[in-house]
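> build me a model from this:
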Amino acid sequence: PMVYAMRTDAAIETGNYQEAEEAAQWSLDMDAGGVPGLTRAAYLREHYGDFDGAIELMKKSFNRIRSSDKEERAWVLTHIGHLYLLKGEADAAENAHLEALNIFPNYHYALLNLAHTKSAQGKKEEALELHHKHYATAGHPENLYELAKAMREAGKDDEADKAFSDFEKAALEESVNVDNANRELTALKKQEAP
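Numbers count the residues shown, from 1 in each chain. Next comes the predicted model:
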């Protein structure tokens, strides 16, 4: 089931959704109700705009994860929060992210998604504080970019300018690596274009 779940991921990333659907179905056929198949089916539902269906599958997945697997449970809750935010239900998203952080404190994905949720709620200062905490927990260039954007949104332009400059330098240094911040670097360059 996990091999077919990974094939689903690869097919989604390359835009081959027919193959992704077939691989997700194989994962579910081999382990009906298994977490790998349920989460991949949820990704596909999300891609097709069926957020309610994706949330339902993620909740089923969450209920199948052992309580001792705290990071995996927090990851699923974070994705549920992400889906609620896509639906425009910021309060439900916030609750899911807070539950994830309760299970797995300082979980960087939950911190980032909670920051996005606070921003959607118009709570720019709270969002900025969460972005600071997120970057302190996971100090990657792409997370510095997120922090710089939050600074700009909170009206802290001087700090944002410095953070964007620091981000650009760090992102350029790792731009040839497989794990890089090239997408964010491109976004910054578009932002700077006249």
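> relative to residue 27, how far out is the nearest residue to residue 152 once chain neighbours are set aside?
Closest residue to residue 152 apart from its sequence neighbours, by Cβ to Cβ, 6 or more residues apart in numbering: residue 160 at 4.1 Å. In short, each C-beta sits where N, CA and C put it, glycine included. Using Cβ to Cβ, to the nearest Å, residue 160 is found at 43 Å from residue 27.
> which one of those two has more residues nearby?
residue 27 (26 against 18; other Cβ atoms under 10 Å).
> the more buried one touches residue 34, doesn't it?
Yes - contact criterion Cβ atoms under 8 Å: residue 27 and residue 34 qualify, at 6.8 Å.
> any shared contact partners between these two?
residue 1 (Cβ atoms under 8 Å, 6 or more residues apart in numbering).
> burial count for residue 179?
7.
> likewise residue 22?
There are 15 residues near residue 22, going by other Cβ under 10 Å.
> what of residue 48?
Residue 48 has 12 nearby residues by other Cβ under 10 Å.
> quick check: it vs residue 21, distance?
Counting by Cβ to Cβ - residue 48 and residue 21 are separated by 10 Å.
> repeat that for residue 171.
Relative to residue 21, and taking Cβ to Cβ, residue 171 is found at 35 Å.
> again with residue 10
13 Å.
> so those two - more neighbours on which side?
Per other Cβ under 10 Å, whichever of residue 10 and residue 21 has more neighbours is residue 21, with 18 against 13.
> is it true that residue 57 touches residue 40?
No - applying Cβ under 8 Å as the test, residue 57 and residue 40 come out as separate, 9.1 Å apart.
> neighbour count: the two, which is higher?
Higher neighbour count among residue 57 and residue 40: residue 40, with 29 against 23, using other Cβ under 10 Å.
> show me what contacts that one?
Contacts of residue 40 by Cβ under 8 Å, 6+ apart are 5, 8-9, 20, 23-24, 27.
> how about residue 94?
81, 114, 117-118, 121.
> name the element residue 22 belongs to?
Assigned by DSSP states H and E, residue 22 falls within helix 17-30.
> ah, wrong one, I meant residue 57
Residue-wise, residue 57 maps onto helix 51-64 under DSSP H and E.
> tell me what the helix or strand just after that helix is packed against?
Note on helix 51-64: by DSSP H and E, the next helix or strand toward the C-terminus is helix 70-86. Where contact means 3 or more Cβ pairs under 8 Å, 6 or more residues apart in numbering; DSSP states H and E, helix 70-86 is packed against helix 35-47, helix 51-64, helix 90-103, helix 108-120.
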